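# what's the 3D shape of this:
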Amino acid sequence: MDVKFQALPALIALAILVAVFAAISRQHTQERVRLWLIGWALVLLHSVVRFAHPSGLRWINFNFALGMTGLELASIAFVVSVAPRATTAKRQFVLAAVLGVPALAYTYGMVFGVESRAFYYALISLGLCSLLLLIARWYRKITVYVVSVLAACITLAALVTWAVASGKGDLGLHLILAALNFFAAGLFWYRLRRISAGVVAAVFGFTAWGVFPTIFAVTNVAPSLGHDAEVWNIPKYLVAVGMIVTLLEDQIRFSEHLAYHDALTGLPNRRLLQDRLLQAMAHADRATHKVAILLLDLDDFKEVNDTFGHRIGDSALQQVVARLSSRMRASDTLARTGGDEFTVIREVTNQQGARTLVSALESALVLPLKVEGKLVRTGVSIGFAIYPDDGTDPVELCASADRAMYATKRGSRSLRSSAGGPALR
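You can find the predicted model right below:
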């Protein structure tokens with residue numbers, strides 16, 4: 001067995017890369033990261049196979065087939081990680097099988113000398129039909145994305161068929177591997193849809209990973225470049241750096257989101273509410289209209305947590321938010337300002353506009369909430385203040401709305417007491 005020590009630095013670098021992604025995956029909950037770890041482990045397998053060269057034609061062929069298996073499965077893992085509809089383990093497995101089975105069968109057929117063109121035509125037909133059926137099942141509407149994927153699949157099938165018919169079946173191996181990387185590049189861009197250092201680096205890396213071997217295979221450009229030349233490793237490192245930077249960007253965006261939003265409901269918090277209120281007041285001054293600020297407090301909601309537990313209480317809060325949001329306009333702001341307290345900002349022409357909104361929000365909670373088979377009943381006490389009638393700064397407005405809200409709550413308690421029972425049962 002020959003050992004190619006010149007490939008040792010790249011092998012060590014990939015091993016470190018796999019260790020880095022293993023560490024990231026333990027701290028990250030996204031399924032995407034686990035698939036990236038699997039992909040890089042398979043790329044490492046390819047490098048390990050290239051590092052050791054067995055003697056004998058049979059073992060050389062097996063060595064090459066195993067290396068290609070590692071690369072193809074790695075590319076498939078990367079594709080599945082960013083495929084829009086592969087959101088469950090079952091769908092991920094199905095997509096990986098639809099892509100992997102024909103590709104690996106073609107590879108092993110070429111490596112071990114299957115000469116029947118009918119065999120390869122059958123594999124190409126199987127792969128194309130499976131992909132078309134999967135697309136038809138997952139996507140009910142014809143969109144630009146669906147048409148693009150269909151066109152790419154049909155183009156790949158036509159090119160590989162041409163390669164087989166021309167007696168250049170080995171070229172089909174490069175075309176399949178290149179197409180998988182092109183798919184990964186396109187889906188990475190489509191899934192994340194932002195221009196950032198991480199996304200651009202990963203997309204460019206996947207594209208180069210597909211272009212480089214294709215150019216060398218088709219045109220025999222730069223025949224002096226061996227398989228261990230550093231140029232072959234550049235796309236890998238670009239993809240790896242792009243993935244890591246993308247995760248860092250996601251973490252920064254998530255941290256920024258948490259700084260201005262409530263973690264449970266996703267609503268703006270007090271910090272963002274203050275900014276929205278100042279903007280609304282400034283706009284009201286320019287447009288000569290008014291701003292209503294509503295303070296909402298859920299009635300007896302503490303009993304939900306005491307009776308059913310915090311898990312049911314959290315789910316109930318999320319349903320409350322959904323119901324309240326359905327009664328509001330897109331231009332309104334709904335913020336969570338306490339455990340069971342919310343604030344609404346709306347631009348209005350007069351007090352009647354605020355009263356109309358109050359009625360709509362109260363009606364949202366007339367029917368009980370159904371959480372995990374349990375009925376949760378709660379109401380809402382609402383007080384409002386109008387800018388500039390009830391105050392000219394946020395502190396005055398909130399204080400005025402707070403007084404109005406507690407007056408409403410005292411009134412509703414008196415009504416419930418006279419009726420002989422609480423609103424929550």
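# avg pLDDT for stretch 16-23?
If you average the pLDDT over stretch 16-23, you get 92.
# before we move on, what about stretch 42-62?
74.
# likewise for stretch 192-212?
The average pLDDT for stretch 192-212 rounds to 90.
# what ranges do the strands span in the protein?
2-3, 52-53, 290-298, 333-336, 341-348, 369-371, 374-376, 380-387 (DSSP state E).
# quick one: the fifth one to chain centroid distance?
A distance of 31 Å separates the centroid of the chain from that of strand 341-348, by Cα atoms, centre = their mean, to the nearest Å.
# partners of it in the sheet?
strand 290-298 (antiparallel), strand 333-336 (antiparallel) (DSSP bridges).
# other residues contacting that strand?
267, 273, 276-277, 280, 283-284, 287, 289-298, 321, 324, 328-329, 331-337, 353-354, 357, 361, 386, 398 (Cβ atoms under 8 Å, 6 or more residues apart in numbering). To be clear about C-beta, it is placed using only N, CA and C from the backbone, and glycine gets the same treatment.
# go again with 6 Å.
273, 276-277, 280, 289-297, 332-337, 354, 357 (Cβ atoms under 6 Å, 6 or more residues apart in numbering).
# do the same with the longest one
Strand 290-298 has contacts (Cβ under 6 Å, 6+ apart) with 280-281, 284, 340-348, 354, 378, 380-387, 397, 401-402, 405.
# quick one: which of the strands paired with strand 341-348 is nearest residue 372?
strand 290-298 (18.6 Å; Cβ to Cβ).
# returning to that earlier point: looking at the strands paired with strand 341-348, which is nearest to residue 175?
strand 333-336 (52.4 Å).
# sorry, back to before: quick one: which of the strands paired with strand 341-348 is nearest residue 125?
strand 333-336 (53.8 Å).
# distance from the chain centre to that closest one, please.
With Cα atoms, centre = their mean, you get 25 Å for strand 333-336.
# quick one: the helices in the stretch 301-425 of the chain, in order.
Assigned by DSSP state H, counting those that start in this stretch, the helices in the stretch 301-425 of the chain fall at 302-308, 310-326, 351-364, 394-419.
# so for residue 50, which of those sits nearest?
helix 310-326 (51.2 Å).
# buried residues in that closest one?
312, 313, 315, 316, 317, 320, 321, 323, 324 (16 or more other Cβ atoms under 10 Å).
# how about JSON lines for those, with distance to residue 94 and pLDDT added?
Formatted as JSON lines, the buried residues of helix 310-326 follow (distance: Cβ to Cβ, whole Å; pLDDT from 0 to 100):
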{"residue": "312", "distance to residue 94": "35", "pLDDT": "89"}
{"residue": "313", "distance to residue 94": "37", "pLDDT": "89"}
{"residue": "315", "distance to residue 94": "31", "pLDDT": "92"}
{"residue": "316", "distance to residue 94": "36", "pLDDT": "91"}
{"residue": "317", "distance to residue 94": "36", "pLDDT": "93"}
{"residue": "320", "distance to residue 94": "37", "pLDDT": "94"}
{"residue": "321", "distance to residue 94": "35", "pLDDT": "94"}
{"residue": "323", "distance to residue 94": "36", "pLDDT": "94"}
{"residue": "324", "distance to residue 94": "39", "pLDDT": "94"}
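# out of the contacts of strand 341-348, which are buried?
By 16+ other Cβ under 10 Å, those give 273, 276-277, 280, 290-297, 332-337, 354, 357 as buried.
# if we can go back for a sec, of all the helices of the stretch 301-425 of the chain, which one is nearest residue 9?
Using Cβ to Cβ, those put helix 310-326 closest to residue 9, at 50.9 Å.
# starting at the chain centroid, how far to the closest one?
Centroid separation for helix 310-326 versus its chain: 23 Å, with Cα atoms, centre = their mean.
# measure the closest residue to residue 269 other than its chain neighbours to residue 272 for me?
Among residues not flanking residue 269 along the chain, residue 262 sits closest, at 5.2 Å (Cβ to Cβ, 6 or more residues apart in numbering). Here the criterion is Cβ to Cβ, to the nearest Å. By it, residue 262 lies 9 Å from residue 272.
# do the same with residue 326
As judged by Cβ to Cβ, residue 326 and residue 272 stand 21 Å apart.
# do residue 302 as well
Going from residue 302 to residue 272 by Cβ to Cβ gives 26 Å.
# neighbour count: those two, which is higher?
residue 272 (17 against 13; other Cβ atoms under 10 Å).
# in the stretch 1-150 of the chain, which spans are helices?
Using DSSP H, counting those that start in this stretch, helices in the stretch 1-150 of the chain cover 8-27, 31-51, 57-82, 89-111, 117-138, 144-165.
# picking up where we left off before, just the buried residues of helix 310-326 now: which is nearest residue 63?
Using Cβ to Cβ, these come closest to residue 63 at residue 315, 54.6 Å.
# thanks a lot, see you next time.
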